[in-house]
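**Student:** what follows is a predicted protein model with its sequence.
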Amino acid sequence: MRSRRKKKRQKKGLPIIIFVVIVVCLCVGVKVHSLKKQSTELAERQEALTRQIESEEERTKELEETDKYMQTKKFAEEVAKEKLGLVYPDEILIEPNNK
C-alpha cells in the first residue's frame, strides 16, 4: 500500500518539476537573447567612440600644428599685412583702381 502511495506522489510531483524546469529554461533563454542584443549594441557604441577618439586625436594634432605656425614670424607678418595693412619700409603697395 505504501509503495502505491509513494508512486502516486512521485507521479504527481514529476509534471510540476518538469514544468518548473521548462519555465526556468525559457527565462534563461530570454535573458541570454537580451544580453546578446545588449552586447551587440555596446560593441557598436564602442566602435563609434573609438572612431570619435581617433578623429579628435587628428584634430588635436592639427591644432598643435596651427599653434606652432601661429608662433612663427611668417604668421605675424601675414596678419600685419592682411589685417592691419602694414608693410616694410622699403616695400611699395600698388592697389588697383576700383571704378
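**Tutor:** Perfect, I can see it now.
**Student:** longest helix in the chain, by number of residues?
**Tutor:** helix 2-70 (DSSP state H).
**Student:** and the pLDDT at the most centrally placed residue in the chain?
**Tutor:** Centroid-nearest residue in the chain, with Cα atoms, centre = their mean: Leu49, separated by 2.0 Å. Looking at Leu49, its pLDDT is 98.
**Student:** and the gap between it and Ser55?
**Tutor:** Counting by Cβ to Cβ, to the nearest Å, the gap between Leu49 and Ser55 amounts to 10 Å. The C-beta positions use only the backbone N, C-alpha and C, and glycine is treated the same way.
**Student:** what do the two both touch?
**Tutor:** Shared contacts of Leu49 and Ser55 (Cβ atoms under 8 Å, 6 or more residues apart in numbering): none.
**Student:** re earlier: downstream of the longest helix of the chain, the next helix or strand is which one?
**Tutor:** helix 73-82 (DSSP states H and E).
**Student:** so that following helix versus helix 2-70, what angle?
**Tutor:** 70 degrees (axes from the mean of the first three to the mean of the last three Cα atoms, to 10 degrees).
**Student:** can you list contacts of helix 73-82?
**Tutor:** By Cβ under 8 Å, 6+ apart, helix 73-82 touches 69, 86-87.
**Student:** switch the cut-off to 10 Å
**Tutor:** Outside helix 73-82, the residues that touch it by Cβ atoms under 10 Å, 6 or more residues apart in numbering are 66, 68-70, 72, 86-88, 91, 93.
**Student:** where in this structure is pLDDT low?
**Tutor:** Applying pLDDT under 70 to the chain flags residues 1-11, 99.
**Student:** redo that, cut-off 80
**Tutor:** For the chain, the stretches flagged by pLDDT under 80 are 1-12, 91-99.
**Student:** farthest-separated two in the contacts of helix 73-82?
**Tutor:** Using Cβ to Cβ, the pair of the contacts of helix 73-82 lying farthest apart is Lys68 and Leu93, separated by 29.2 Å.
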